[in-house]
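Undergrad: mind folding the following:
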Amino acid sequence: MSRKHMGSSIDDFLKEEGIFEESQAQAIKEVVAWQLSQAMKKKKISKARMAALLKTSRSQVDRILDAENDITLSSLQRAAAMVGRRVVINLL
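TA: Residues are numbered from 1 along each chain as shown. Have a look, this model is predicted:
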């Protein structure tokens, strides 16, 4: 068994593999999609209702809630507003 990464953090491992930024971006998208989905459940807003509120299609709402898709910041902000949330971005 190789001990190359023994004691390293997951961030160190991902950086060594050259996939840190990609992995971080995917994790962020998954968390945001989950948070939006949970907020919709709490407010009892269906995907069809969300589509009507956003004046878009149900398939667009599916894309917003699917972390595999890239969506625009404005789409995310509009969807968040419909469930009483807002998007906050920080550069660290």
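
Undergrad: sec struct for Ile45, please.
TA: Look at Ile45: counting by DSSP: H, G, I helix; E, B strand; the rest coil, its state is coil.

Undergrad: contacting residues for Val61?
TA: Applying CB atoms under 8 Å, 6 or more residues apart in numbering, one finds that Val61 lies in contact with 47, 50-51, 54, 79. C-beta here means a position set from N, CA and C on the backbone, and glycine is covered the same way.

Undergrad: equivalent analysis for Ser57, please.
TA: Ala51.

Undergrad: what of Ser8?
TA: Glu16.

Undergrad: and it, what's its pLDDT?
TA: Ser8 is assigned a pLDDT of 77 by the prediction.

Undergrad: again, but for His5
TA: For His5, pLDDT reads 55.

Undergrad: from the contacts of Val61, which is closest to Gly18?
TA: Nearest to Gly18 among these: Ala79, at 32.1 Å, using CB to CB.

Undergrad: state the three-state secondary structure for that closest one.
TA: helix.

Undergrad: leaving out sequence neighbours, find the closest residue to it.
TA: What sits nearest to Ala79 in space, not counting adjacent residues and going by CB to CB, 6 or more residues apart in numbering, is Ile64, at 5.3 Å.

Undergrad: and the one you found, how many neighbours does it have?
TA: 25 (other CB atoms under 10 Å).

Undergrad: ok, and the most crowded of the contacts of Val61?
TA: When neighbours are counted by other CB under 10 Å, Ala79 leads the contacts of Val61 with 24 neighbours.

Undergrad: most centrally placed residue in the protein?
TA: The centroid of the chain falls nearest to Lys29 when counting by CA atoms, centre = their mean (2.3 Å).
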